[in-house]
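Colleague: got a structure for you, letters missing:
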């Protein structure tokens, strides 16, 4: 224990868990600058990194440090002043750890934004206060909603360029609420800020005394983490079957166990479970984590389950609670984002990988393709890169699935081209 911890009245900070969040919006709304400001004002930038971006800013003739350089890491991005790939950054405030994904703003990089949104629990959608709601604002809001991000923060940026005018903030807020109502988005928080000057990011600043709400960091610190908002159904896709080794060697195990990651929910020793797709019931005899026995396994823990009965279980099977079973099906309907530069060929067979299970699949139908600019549903028989469509697949082997809105882990899948082994699409089961 340190000397500080021995001081009277000392209370160690409470770790409120990991939060994955995404920044998105139109080009030049200030996403990269906002992340740079967060890192700078929370003092999580290494000295050599700060020195490097300071020198780069000086070479460009800038009077202040260009904080956007902290996330625009690719040389092509720095030359163009835009974000192309998804940039990830990690930081901690002492009370919480964060993973930030900075999504590109250009329409042609929609697939990158979908990739970043797939694991985010909160989205910050930036709006330039001078421009208001743009097409890309609507596009990214729709994608965030489609990808199941439960919390949305609308950050109206560059308030310093409009004289911190409250009337402009209120007008944009009303416009966005009207649009969000059409999409069914209900959990929205609005905040005015200046990423360049730091107003309402970490510190409140002096420019907006009329805004009495929390700063952006306050919102992030208080946001719920994944798996904390509702009672989730237990889902354990089997990744590997651990077979008995020599019983006379203490370094080796003498049990048959099933290794994997608890995607959601929890399970305890003695609890009844159902093995899918076989439909056999048994009970949990033990839960192992390395050399320890645990009374309970929680979401996002990688553990080995030992069962009371000998059941034929393979990689790709799923262990659930009997009263909360998943759907076992050979037909899935989903919203799919096509990621590949090679267009979809409806006559070809593809591989569908969902959790730890993989099966061949054929395209049953394409119900519609979404015009991401107007949200209009269009008829089509082919998909090209960045297209989003509602479509059906016929599966050679059954999958154990949930609707994506219920469970983002068991409701998601990827589509793989058998010939190249490239991931060509990502899907959300309806």
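Modeller: Perfect, I can see it now. None of these values were measured; they are calculated from a predicted model.
Colleague: what's stretch 201-217 in contact with?
Modeller: Contacts of stretch 201-217 with the rest of the structure, by C-beta atoms under 8 Å, 6 or more residues apart in numbering, involve 34, 37-38, 41-42, 93, 124, 153, 155, 159-160, 164, 166, 169, 189, 191-195, 197-200, 222. C-beta coordinates here come from the backbone N, C-alpha and C atoms, glycine included.
Colleague: helices - which of those residues land there?
Modeller: Under the assignment DSSP state H, those contribute 34, 37, 38, 41, 166, 169, 222 to helices.
Colleague: buried ones among those?
Modeller: With burial judged by 16 or more other C-beta atoms under 10 Å, the buried subset of these is 34, 37, 38, 41, 169.
Colleague: what is the nearest of those residues to residue 338?
Modeller: Of all these, the one sitting nearest residue 338 is residue 34; the distance, using C-beta to C-beta, is 29.6 Å.
Colleague: need the buried ones from the contacts of stretch 201-217 selected in PyMOL.
Modeller: One line in PyMOL is enough to select the buried members of the contacts of stretch 201-217, burial here meaning 16+ other C-beta under 10 Å:
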select buried, resi 34+37+38+41+42+93+124+153+155+159+160+164+169+189+191+192+193+194+195+197+198+199+200
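Colleague: need the ones in helices among the contacts of stretch 201-217 in TSV with pLDDT and distance to residue 374, can you?
Modeller: Rendered in TSV, the data for the ones in helices among the contacts of stretch 201-217 read as follows (pLDDT from 0 to 100; distance: C-beta to C-beta, whole Å):
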residue	pLDDT	distance to residue 374
34	90	28
37	87	34
38	89	33
41	88	39
166	97	31
169	98	27
222	94	36
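Colleague: what's near enough to touch the nearest residue to residue 289 once chain neighbours are set aside?
Modeller: Distances taken as C-beta to C-beta, 6 or more residues apart in numbering put residue 303 closest to residue 289, at 5.2 Å, once the chain neighbours are dropped. Residue 303 makes contacts with 259, 260, 261, 262, 287, 288, 289, 294, 297, as judged by C-beta under 8 Å, 6+ apart.
Colleague: how close does the residue nearest to the spatial centre of the chain sit to residue 297?
Modeller: For the chain, residue 119 is the residue whose C-alpha lies nearest the centre (C-alpha atoms, centre = their mean; 1.7 Å). Counting by C-beta to C-beta, to the nearest Å, the gap between residue 119 and residue 297 amounts to 21 Å.
Colleague: kindly report the same for residue 113.
Modeller: Separation of residue 113 from residue 297 (C-beta to C-beta) stands at 33 Å.
Colleague: what about the stretch 251-400 of the chain, any weak spots by pLDDT?
Modeller: Where the stretch 251-400 of the chain drops to pLDDT under 70, the residues are 251-254.
Colleague: test my guess that residue 93 contacts residue 42.
Modeller: Yes. Contact status for residue 93 versus residue 42: in contact at 5.6 Å, counting by C-beta atoms under 8 Å.
Colleague: what ranges do the strands span in the stretch 151-300 of the chain?
Modeller: Using DSSP state E, counting those that start in this stretch, the strands assigned to the stretch 151-300 of the chain run over residues 151-157, 188-192, 235-242, 257-261, 267-268, 272-276, 280-289, 292-293, 296-297.
Colleague: the fourth one pairs with which strands?
Modeller: Paired neighbours of strand 257-261 in the sheet (DSSP bridges): strand 235-242 (antiparallel), strand 302-307 (antiparallel).
Colleague: what do you get for the second one?
Modeller: For strand 188-192, sheet partners with direction are given as strand 151-157 (parallel), following DSSP bridges.
Colleague: tell me the mean pLDDT over the strand it pairs with?
Modeller: Taken as a whole, strand 151-157 has an average pLDDT of 97.
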